[in-house]
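[1] sequence unknown, structure follows:
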């Protein structure tokens, strides 16, 4: 598959159904607009799917894992082995994303995009897309080659395309990768032109001293690599992670197939920056599930013009905030589909 | 039943299980605290129930309806008939609360606390607790007698007590009553000592001119009636609504039975003020489902020390925000119950 060719399939979201959708929302037995953001997100969902009778049944969360060479700089409180160990936990159903995806009625597709360990997993929900055994240390040079970056994005696209025959009404994104907030901070600093200090947070829970080191590392990564901020694949190659590239691909595939993509936290946000640099129209297909505690996430959402549905002080990743966001989107869609109109219910409308 | 006797059953929430609950949360395969408010609300749920192995299966939303004499002042965009018409809509399953309660896996108990119309409803989910055919106009005098106010609270308590044999793990509150934001604004102004302007919002969608009139009416209601702000029953009698009294009773019954109560928007907030004036310990049992668009709601939540789980620009009432809030509480409880620990999953812990 050729990336340029693929993204040429992405159309802008049409506002053609807007009046019909708004009319339906306004005829439901409630004061106009009184369900606030549920109505707003239901409308967005309908416009993406170009229908006033939306279906939301099949929900898939793509949780992509990879390791990061920059972990050797001591930017996380967890050892690098945890990336692979957590993939096993995902497969065994014991992680946060398993619990919250089940709560949302979503299934989880887990992919190894570049975990350092050999995983040897045989499971219906696992995809082996390993590009390499972790990226190189971005503090010293590029994370990966341009070819690997493009392969990561294409692999993410293929993950989605492979699931299409089973049906996907909505999808969520999620990540696992020790040190990937460092990589995401560097991507955010580069794309939005912000200083490292403005985009670095505590990740899994580092102390002040480690945070100062992380800021230094991010600053160094941007200055050593000098990515072209207008070129998503270049930013990814210089500063990225394989899971971040894969998630950008998942988002592009959502847009190409008119499937709303609920993005998770900071790492998914960095992937959204990459995806939007590859094809800006993808932003119309994204729904921000929540706003993470990570400092840089709010800045990404503002940059992309996305208002998060939830603000629950989450900072776990894995797709947990996307799963919760999907529940809210579904609430809006159910309102559209299942509420009675004033006429149906014999309820009086507003006074003249 | 005697109200004083009943509320003497309410104990403070014990922090006895706190360490055990925190230990369990910290052993789960995630960075400590990384599920933010899900962990916080799971902990609150556990402390209320005094267990580290919480169950959350049976969910009931109490949606109480009544009419308000103050509607004759033209403070709503909807005619008063809508209160009764919407009760029929609740029973037929076509309202917002029906859709969102179903999404949350909750059943809805609908009660007529004082609707002006004769409803003649025969349904397993309907309770006839009509105290009178609407309150009197609070702009001219008290809404109801002290005896009626106490009866409203006791009826709310009985609604909950009647459901206990079937089991309630968590409950939500909801309301229906044309003009009840006016009544709730007056209660809020009186209890928190705020000017009418600070607590009046647009309700179902009034314009600037009607909003100015509403502010006048609320100011007049407080000055004409001079409620004793320290006496919940007096505030209710002077400014209240039958559904507001009933909801205060629902909250007191939650507290008396160690059942967490997820409160909805502004009207439930006003009921919480009444409940907390009757018995301050009830606040420990309340979880704020969301923050409403109604100006006064944020002020109530701040006053009660409650931080809302959601902020989705809702202003419908009925219990819709409580239903969504219950989904978030359940997410937290599922995390507690279903995630693997580091030991179970063979995942490495934090670096030393």
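    Noted; the coordinates are in hand. Because the structure is a prediction, the values reported are computed rather than measured. Numbers count the residues shown, from 1 in each chain, chains lettered A, B, ... in the order given.
[2] in a strand, residue A:287, correct?
    Yes: assessed by DSSP: H, G, I helix; E, B strand; the rest coil, residue A:287 belongs to a strand.
[3] list, one by one, the residues from the stretch 1-150 of chain A near chain B.
    The stretch 1-150 of chain A comes close to chain B at residues A:28-38, A:40, A:77-79, A:81-82, A:85-86, A:88-89, A:92, A:94-96, A:98-100, A:102-103, as judged by C-beta under 8 Å from any C-beta of the partner chain. Every residue, glycine included, has its C-beta placed from N, CA and C.
[4] which among these count as buried?
    Neighbour counting with 16 or more other C-beta atoms under 10 Å in any protein chain shown marks A:28-38, A:40, A:77-78, A:82, A:85-86, A:88-89, A:94-96, A:98-100, A:103 as buried within the residues of the stretch 1-150 of chain A next to chain B.
[5] count of neighbours near residue A:50?
    As a burial measure, residue A:50 scores 14 neighbours (other C-beta atoms under 10 Å in any protein chain shown).
[6] gap between it and residue A:170?
    Residue A:50 is 15 Å from residue A:170, where distance means C-beta to C-beta, to the nearest Å.
[7] so where do the strands sit in the stretch 201-350 of chain A?
    Taking DSSP state E, counting those that start in this stretch as the test, the strands found in the stretch 201-350 of chain A are A:261-263, A:286-288.
[8] those helices in the stretch 201-350 of chain A, which residues are they?
    A:208-225, A:232-239, A:242-256, A:266-278, A:295-304, A:320-338, A:342-345 (DSSP state H, counting those that start in this stretch).
[9] out of those helices, nearest to residue A:71?
    helix A:208-225 (10.7 Å; C-beta to C-beta).
[10] pull up the distance across stretch A:27-42, start to finish.
    By C-alpha to C-alpha, to the nearest Å, the extent of stretch A:27-42 from end to end equals 15 Å.
[11] how far does it sit from the chain's center?
    Put simply, stretch A:27-42 sits 26 Å off its chain's centre (C-alpha atoms, centre = their mean, to the nearest Å).
[12] residues making contact with it?
    Stretch A:27-42 has contacts (C-beta atoms under 8 Å, 6 or more residues apart in numbering or on different chains) with A:21, A:25-26, A:54, A:287, A:307, A:309, A:328-329, A:331-333, A:335-336, A:339-343, A:345, A:347, A:350, B:77-78, B:86, B:89, B:94-96, B:203-205, B:293, B:312-316, B:320.
[13] show me how to select, in PyMOL, the buried members of those residues.
    Command for PyMOL that selects the buried part of these, burial taken from 16+ other C-beta under 10 Å:
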select buried, (chain A and resi 21+25+54+287+309+328+329+331+332+333+335+336+339+340+342+345+347) or (chain B and resi 77+78+86+89+94+95+96+203+204+293+312+313+314+315+316+320)
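[14] below-threshold pLDDT in chain A: ranges please.
    Residue ranges of chain A with pLDDT under 70: A:352.
[15] can you list the domain ranges for it.
    As given by automatic domain parsing, the domain ranges for chain A are A:11-55+A:335-345, A:59-329.
[16] the nearest residue to residue A:140 once chain neighbours are set aside and chain B, how far apart?
    By the measure of C-beta to C-beta, 6 or more residues apart in numbering or on different chains, the closest residue to residue A:140 outside its immediate chain neighbours is residue A:224, 6.8 Å from it. As for residue A:224, its distance to chain B is 26 Å (criterion: C-beta to the nearest C-beta, to the nearest Å).
[17] and residue A:350, how far is that from residue B:176?
    For residue A:350, the distance to residue B:176 equals 16 Å [C-beta to C-beta].
[18] er, residue A:275 actually
    On the measure of C-beta to C-beta, residue A:275 and residue B:176 end up 44 Å apart.
[19] same check on residue A:6?
    Distance of residue A:6 to residue B:176, computed by C-beta to C-beta: 51 Å.
[20] same question, residue A:220
    Distance from residue A:220 to residue B:176, by C-beta to C-beta: 60 Å.
[21] next: residue A:179.
    Note on residue A:179: its distance to residue B:176, by C-beta to C-beta, is 52 Å.
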